[in-house]
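Visitor: sequence below, structure please.
(one chain, ligands or ions: 2)
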Amino acid sequence: MTPRTITVLGATGSVGASTLDLLMRAPEAWAVEALTANCDVDRLAAAAKAVHAKLAVVADESCYAALKDALAGSGIEAAAGKAALCDSAKRPADIVLSAIVGAAGLPPTLAAVERGATLAIANKETLVCAGDLVKAAAAKSGAVLLPVDSEHNAIFQVFDHAHPERVTRIIVTASGGPFRRATVDAMRSATPAQACNHPVWSMGAKISVDSATLMNKGLELIEAAHLFPVRADQLEVIVHPQSVVHSFVEYIDGSMLAQLGTPDMRTPIGYCLAYPERMATPSARLDLASVATLTFEAPDHDRFPALALAQAAMRAGGSAPCVLNAANEVAVAAFLGGKIGFLDIAAIVADTLAGVAAGPIASLDEVVAIDGEARRVAGALIGSSGRVAASARRRP
Ligand code: NAD
Ligand code: MG
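Guide: Ligands and ions are numbered 1, 2, ... in the order given. The predicted structure is shown next:
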């Protein structure tokens, strides 16, 4: 059997590590073309050696010398910088897995799509900011998009792709995050450690905070609107704390199909790696008797205003989701850095959306410009003194 070739963008993160775990369980089946990271040189070099990658790339050029040192004598090529990151995504590989966090993943992800790659996409911010561009590029190049995000992977598995008109609703499940039952006062004083302490999933810091605000679910609605041919008003969220049902698709006859599984990203990642076949994964099997009860509840929009902000941005379309995403990235980083409180995250996103004029987006340059403008506005709201501007504080 000829090994399949793969490139993993964001190989040192949580999704990257789960992906490499699967690759290393079947080394004869995979030839790794390239692995990338931002700057975590030690992890990247160790991973590149473990899977015998041809190339390792750090996006941050200042980390190049350290990477070259760490790879000395291994025969693995080292490269650095944003252009090198895009070049790595363009190299021939049967599959590119995009697991960079944030809008920083857009240029290399788009580069892979323009090359016509089969793209397993975890990097939801890319679809939120530039879903239309990514889809247009895929239509032109013949690239295939496979969703890694567990909810979208679930939907993909049960969606009638040949007959989308038979689908009436997509219901995206949410765990509810660590503050599902918290009071507003507790949320106001929540620490980054508390916000990152997700009850079900173990993930990178940014998506963990997004799960605590429910912004993650909002981003996922926008992601779903790009990945599946449905209208915004057909997309709903239901809180399901057990995270066993990974989403539902409802059909015209009233049937609801769902995909279930234990919360282990190796299941959706394995689905994408093997597509259109299936592969064995080490994910724990679902023991329904011990799960015993599955519960569902409506999201609380009062305590989690980020969800409605994302829904409004999804309906507005154009640049609004990009502004929402950029402001959220800045606010989450400020929260993780101890500069703002937990409730300030949604307030800053709301004020940034109000402060940046919305309009259509037609090119990568326009996305970059709007993203930069939103980051400036959000940064100014956070304020040079590290205190949130009064206008942002007044909001929930
Ligand atoms: P993470 O923070 O653990 O890892 C992020 C990766 O991106 C790292 O390899 C890091 O080096 C790289 N990176 C960070 N900034 C970069 C930059 N500026 N340029 C280039 N590379 C950069 O994140 P994660 O939890 O693995 O999430 C990755 C993506 O997958 C996110 O978009 C997230 O929303 C999505 N996702 C994650 C999970 C999960 O279980 N972790 C589930 C569903 C979707
Ligand atoms: Mg998800």
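
Visitor: Ala284 in helix, strand or coil?
Guide: Assigned with DSSP: H, G, I helix; E, B strand; the rest coil, Ala284 falls in the coil class.

Visitor: just checking, Ile100 touches Leu110?
Guide: No. If you go by CB atoms under 8 Å, Ile100 and Leu110 don't touch, sitting 11.8 Å apart. For glycine as for every other residue, the C-beta is placed from the backbone atoms N, C-alpha and C.

Visitor: tell me which of these two has more neighbours.
Guide: Set Ile100 next to Leu110 and count neighbours by other CB atoms under 10 Å: Ile100 wins out with 28 against 23.

Visitor: closest point of the stretch 251-396 of the chain to ligand 1, which residue?
Guide: Met265 (4.6 Å; CB to the nearest ligand atom).

Visitor: ok, the stretch 151-300 of the chain next?
Guide: For the stretch 151-300 of the chain, CB to the nearest ligand atom, closest residue to ligand 1: Gly204, 2.7 Å.

Visitor: now do that residue against Asp210, distance only.
Guide: 10 Å (CB to CB, to the nearest Å).

Visitor: of those two, who's got more company?
Guide: Taking other CB under 10 Å, Gly204 and Asp210 do not tie; Asp210 has more neighbours (28 against 18).

Visitor: can you show me the helices along the stretch 251-396 of the chain?
Guide: 266-274, 288-291, 305-316, 320-336, 344-355, 364-382, 390-394 (DSSP state H, counting those that start in this stretch).

Visitor: most packed of the ones you listed?
Guide: Of all the helices of the stretch 251-396 of the chain, helix 320-336 has the most neighbours on average by mean count of other CB atoms under 10 Å, namely a mean of 26.

Visitor: extract the CA atoms of that helix and return them as CSV.
Guide: Output of helix 320-336 as CSV, limited to C-alpha atoms (Å, rounded to 0.1, in the frame of the first residue of the first chain):
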residue,chain,number,x,y,z
ALA,A,320,-19.6,41.4,10.2
PRO,A,321,-18.4,37.8,11.1
CYS,A,322,-14.8,38.9,10.4
VAL,A,323,-15.2,41.9,12.8
LEU,A,324,-16.9,39.6,15.4
ASN,A,325,-14.0,37.1,15.1
ALA,A,326,-11.2,39.7,15.3
ALA,A,327,-12.7,41.5,18.2
ASN,A,328,-13.2,38.2,20.0
GLU,A,329,-9.6,37.1,19.4
VAL,A,330,-8.3,40.4,20.8
ALA,A,331,-10.7,40.3,23.8
VAL,A,332,-10.0,36.6,24.6
ALA,A,333,-6.2,37.3,24.5
ALA,A,334,-6.7,40.3,26.8
PHE,A,335,-8.8,38.1,29.2
LEU,A,336,-6.2,35.4,29.2
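
Visitor: give the other helices and strands that that helix contacts.
Guide: Where contact means 3 or more CB pairs under 8 Å, 6 or more residues apart in numbering; DSSP states H and E, helix 320-336 is packed against helix 124-141, helix 192-195, helix 205-213, helix 215-227, helix 305-316, helix 344-355, helix 364-382.

Visitor: buried set for the shortest one?
Guide: When neighbours are counted by 16 or more other CB atoms under 10 Å, the buried residues of helix 192-195 are found to be 192, 195.

Visitor: wait, does that helix contact ligand 1?
Guide: No. Residues of helix 192-195 are not located near ligand 1 by CB under 6 Å from any ligand atom, the shortest gap being 13.7 Å.

Visitor: off-centre distance for that helix?
Guide: 19 Å (CA atoms, centre = their mean, to the nearest Å).

Visitor: and the contacts of that helix?
Guide: Identification of contacts with helix 192-195 by CB atoms under 8 Å, 6 or more residues apart in numbering yields 178-179, 205, 208-209, 212, 335-336, 338, 342.

Visitor: give me the mean pLDDT for it.
Guide: Averaging pLDDT along helix 192-195 gives 97.

Visitor: now that helix - C-alpha only, PDB.
Guide: Once non-C-alpha atoms are left out, helix 192-195 reads as follows in PDB (Å, rounded to 0.1, in the frame of the first residue of the first chain):
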ATOM      1  CA  PRO A 192      -8.600  32.400  33.000                       C
ATOM      2  CA  ALA A 193      -8.000  29.000  34.800                       C
ATOM      3  CA  GLN A 194     -11.700  28.700  35.600                       C
ATOM      4  CA  ALA A 195     -12.700  29.600  32.100                       C
END
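
Visitor: looking at the helices of the stretch 251-396 of the chain, which is closest to Pro92?
Guide: Checking these against Pro92 by CB to CB gives helix 266-274 as the closest, at 17.2 Å.

Visitor: domains in the protein, by residue range?
Guide: Following automatic domain parsing, the chain resolves into domains at 4-148, 157-261+285-304, 317-396.

Visitor: distance to Gly270 for those domains - can I get that in TSV?
Guide: Shown next, in TSV, are those (distance: least, CB to CB, whole Å):
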stretch	distance to Gly270
domain 4-148	6
domain 157-261+285-304	11
domain 317-396	28
